[in-house]
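> dropping the sequence and predicted coords here.
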Amino acid sequence: MTTVHVFAHFDDEYCGLPLIAERAAAGEDQLFLYVADYASPALAQRRFAETQNLLAHLGVDRAKVIHVGRGTGAVDGGVFRALPAAYAVLEAALTAAGPADRFVTLAWEGGHMDHDMCALMTAELAKACGNPPIETISLYTGPGLGGPFFHGAWPLAQNGPVRKIALSPLGWLRWMAAVRFFPSQIKTWLGLWPAMFWSYAWRGFGVQRLDPARVRERPHPGPLFYERMFKVPYADVRAAADAFLTGRP
């Protein structure tokens with residue numbers, strides 16, 4: 001059995017560590033594919049090393065952690081502008097690795113445009129593989145909020161039922177402490193880490209199954225977080241996604 005994780009950025013995997021541990025305990029092979037490219041090669045290498053170190057700490061072979069997006073032009077924050085190139089390298093990596101029995105990716109939730117594009121491309125990859133299940137991880141989203149405010153790890157009701165994954169007290173502590181593997185992202189985690197674990201404290205950790213039809217819908221009514229925070233209109237992302245999907249089998 002092989003689980004293929006499709007993530008945008010180095011450190012996205014941190015938000016899914018209980019699922020990664022569950023798959024490892026089940027004896028599944030795991031392959032990690034990272035889509036976003038970076039304007040600075042030095043930053044890309046530093047962040048890639050942080051992710052490799054975390055996953056190696058969990059027992060994942062470093063050779064199974066691949067930056068497929070390097071050199072594609074699918075830059076951080078602009079994956080939607082380079083979907084054909086990003087998808088081509090994902091497809092090539094999957095062809096080289098062999099068929100996936102399941103996929104894990106980021107939720108279609110309007111939090112970050114790169115995250116949503118991972119959901120969209122994974123839906124297409126799964127279709128080409130005979131539709132194995134896709135489970136998604138919620139990172140952050142913003143329905144009902146304004147300005148820079150967001151919900152951390154808040155699965156959208158529109159994305160369907162949540163499958164809970166139980167953790168022991170020690171498991172929670174280890175997960176919380178694993179943020180230390182990302183020193184280059186201290187500013188990001190100062191905001192996201194407390195919001196994540198506040199949500200987990202009363203909701204628990206869970207994942208959702210991706211219905212491929214969801215990636216053709218607006219993530220939720222009202223302004224999306226990435227529209228407010230990153231000033232990227234949903235209309236622009238939607239147009240790029242539709243252009244990519246047009247003509248695909």
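Okay, I see it.
> quick one, helices of this structure?
17-25, 41-57, 83-97, 113-128, 169-177, 186-203, 225-229, 234-245 (DSSP state H).
> show me the one of the ones you listed that comes nearest residue 144.
The closest of the helices of the chain to residue 144 is helix 225-229. By CB to CB, the value is 10.9 Å. Yep, even glycine has a C-beta here, placed from its N, CA and C like the rest.
> residues contacting the closest one, please?
Under the criterion CB atoms under 8 Å, 6 or more residues apart in numbering, residues 110-113, 140-142, 145-148, 150, 232-234, 237 lie in contact with helix 225-229.
> of these, which belong to strands?
140-141 (DSSP state E).
> grab the most central residue of the protein for me.
By CA atoms, centre = their mean, the chain has its centre lying nearest to residue 106, at 3.1 Å.
> list the residues that contact the nearest residue to that residue once chain neighbours are set aside.
Counting by CB to CB, 6 or more residues apart in numbering, residue 106 lies nearest to residue 115, which is 3.9 Å off, once chain neighbours are set aside. Counting by CB under 8 Å, 6+ apart, residue 115 makes contact with 8, 12, 106-107, 109, 139.
> try it again with 10 Å
Contact analysis of residue 115 by CB atoms under 10 Å, 6 or more residues apart in numbering lists 7-9, 12, 35-36, 79, 105-109, 136-141, 226.
> in strands only, show me these.
Those of the contacts of residue 115 lying in strands (DSSP E): 7, 105-106, 136-137, 140-141.
> among those residues, which one lies nearest to residue 123?
Distances from residue 123 to the ones in strands among the contacts of residue 115, taken by CB to CB, are shortest for residue 105, at 8.6 Å.
> would you confirm that the closest one contacts residue 4?
Yes. In this structure, residue 105 is within contact of residue 4 by CB atoms under 10 Å, at 8.9 Å.
> hey, what's in contact with both of the two?
With CB under 10 Å, 6+ apart, residue 105 and residue 4 have common neighbours 33, 122, 125-126, 134.
> out of those, who's the most crowded?
residue 122 (29 neighbours; other CB atoms under 10 Å).
> which non-adjacent residue is nearest it?
Spatial nearest neighbour of residue 122, chain neighbours left out: residue 105 (4.1 Å); criterion: CB to CB, 6+ apart.
> with residue 100 instead?
Closest to residue 100 by CB to CB, 6+ apart is residue 4, at 4.1 Å.
> follow-up on the earlier one: was I right to think the residue nearest to the centre of the chain contacts residue 136?
Yes. The pair formed by residue 106 and residue 136 meets the contact definition of CB under 10 Å, at 6.3 Å.
> between these two, which contacts overlap?
Common neighbours of residue 106 and residue 136 (CB under 10 Å, 6+ apart) are 16, 115, 118-119, 122, 210.
> and for residue 85, nearest residue in space, chain neighbours not counted?
Closest to residue 85 by CB to CB, 6+ apart is residue 72, at 4.3 Å.
> that neighbour and residue 44 touch, don't they?
No. The criterion here is CB under 10 Å, and residue 72 misses it with residue 44 at 11.8 Å.
> spit out the residues that contact those two alike.
Taking CB under 10 Å, 6+ apart as the contact rule, residue 72 and residue 44 both touch 36-37.
> list the contacts of residue 195.
Here residue 195 is in contact with 140, 149-154 (CB under 10 Å, 6+ apart).
> just the buried subset of the contacts of helix 225-229, please.
When the contacts of helix 225-229 are checked for burial by 16 or more other CB atoms under 10 Å, the buried set is 110-113, 140-142, 150, 232, 234, 237.
> just put these in JSON lines and tack on pLDDT and distance to residue 178.
Shown next, in JSON lines, are the buried ones among the contacts of helix 225-229 (pLDDT from 0 to 100; distance: CB to CB, whole Å):
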{"residue": "110", "pLDDT": "98", "distance to residue 178": "26"}
{"residue": "111", "pLDDT": "98", "distance to residue 178": "21"}
{"residue": "112", "pLDDT": "98", "distance to residue 178": "21"}
{"residue": "113", "pLDDT": "98", "distance to residue 178": "26"}
{"residue": "140", "pLDDT": "96", "distance to residue 178": "18"}
{"residue": "141", "pLDDT": "96", "distance to residue 178": "23"}
{"residue": "142", "pLDDT": "95", "distance to residue 178": "25"}
{"residue": "150", "pLDDT": "95", "distance to residue 178": "21"}
{"residue": "232", "pLDDT": "98", "distance to residue 178": "30"}
{"residue": "234", "pLDDT": "98", "distance to residue 178": "33"}
{"residue": "237", "pLDDT": "98", "distance to residue 178": "31"}
